[in-house]
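1. mind folding the following:
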Amino acid sequence: AFRLQREMQASRIRPDLITYNSLLSVCRTAGMWKESLQLLNELKAAGLRGDVITYSTIISTCDKTRQPDTALRLFAEMQELGLKPNVISYNSLISTLSRAGRQDAAFQVREDMERAGVKPNVVTYSALISACRHKNQWVKAFELFLDMHVQGLHPDPLTFNALLVVCQRSGQWEQALDVLEWMKEGGMEANVRMYCAVINACGHAGRLDKAFEVLEQMTKG
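-> Residues are numbered from 1 along each chain as shown. Prediction:
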């Protein structure tokens, strides 16, 4: 992709916004946040104006590479340009803040999102549930989980994994077992990572009997 850009420049063909957005997508896949910022500066220097896709893609790259301050700056710049963030933009920022342990900021973004008329989706809720792990706010995590159902949203494996990590970090072994049971009732199979979270929650609580029961379930598949 970058070779194509160089060839276009050598041929004096000016890359357009679609070209830059394609390159930014490559950067996101490769986790190249510095290169993403460089491309943003290049497109500005070329007299182009980034769109929602441009900024959302870079913010998503910041999420993958844990660059919360850069993500916040880009999000603010996006709004200053009059661009309206979409659900992908908001989700990427919430996820970035969640990974960085900035729980309060993540929930503030959710409030801003709803005020802007952008409806949270499963990805939004999963990221917010994940944010609860930093302050052991397992009650808040379950409130979000229940609110998902009220909103007519169905949790996916990422949602359950986030909830189980919260249970593990908070020492809520009984709740972790409940989550595992809910998954089974919904016809969803737990992966090794999920089982390990439940086993660790039980083990840390001194419930080795339950830990071995879960281990047996995992080995049986």
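
2. contacting residues around residue 100?
-> 66, 68 (C-beta atoms under 8 Å, 6 or more residues apart in numbering). For the C-beta atoms, the positions are set from N, CA and C on the backbone; glycine is no exception.

3. phi and psi next, for it.
-> Here is the backbone geometry of residue 100 (degrees, to the nearest 10): phi -80, psi 0.

4. so how far is residue 130 from it?
-> From residue 100 over to residue 130 the distance is 11 Å, taken as C-beta to C-beta, to the nearest Å.

5. do the same with residue 60
-> Taking C-beta to C-beta as the measure, residue 60 and residue 130 are separated by 16 Å.

6. hey, where'd the strands end up in the chain?
-> Counting by DSSP state E, one finds no strands in the chain.

7. just give the number of residues close to residue 153.
-> 18 (other C-beta atoms under 10 Å).

8. next, count neighbours for the residue nearest to it when sequence neighbours are not counted.
-> Ranked by C-beta to C-beta, 6 or more residues apart in numbering and with sequence neighbours excluded, the top spatial neighbour of residue 153 is residue 122, at 5.2 Å. Other residues near residue 122 number 16, with proximity taken as other C-beta under 10 Å.

9. residue 122: what's it in contact with?
-> Applying C-beta under 8 Å, 6+ apart, one finds that residue 122 lies in contact with 148, 153, 154, 155, 156, 158, 159.

10. count of residues packed around the last one?
-> It stands for residue 159. Residues contacting residue 159 under the criterion other C-beta under 10 Å number 22.

11. repeat for the third one
-> Other residues within reach of residue 154, judged by other C-beta under 10 Å, total 10.

12. what residues does it make contact with?
-> Taking C-beta under 8 Å, 6+ apart as the definition, contacts of residue 154 comprise 122, 148.

13. distance of it relative to residue 188?
-> Residue 154 is 10 Å from residue 188, where distance means C-beta to C-beta.
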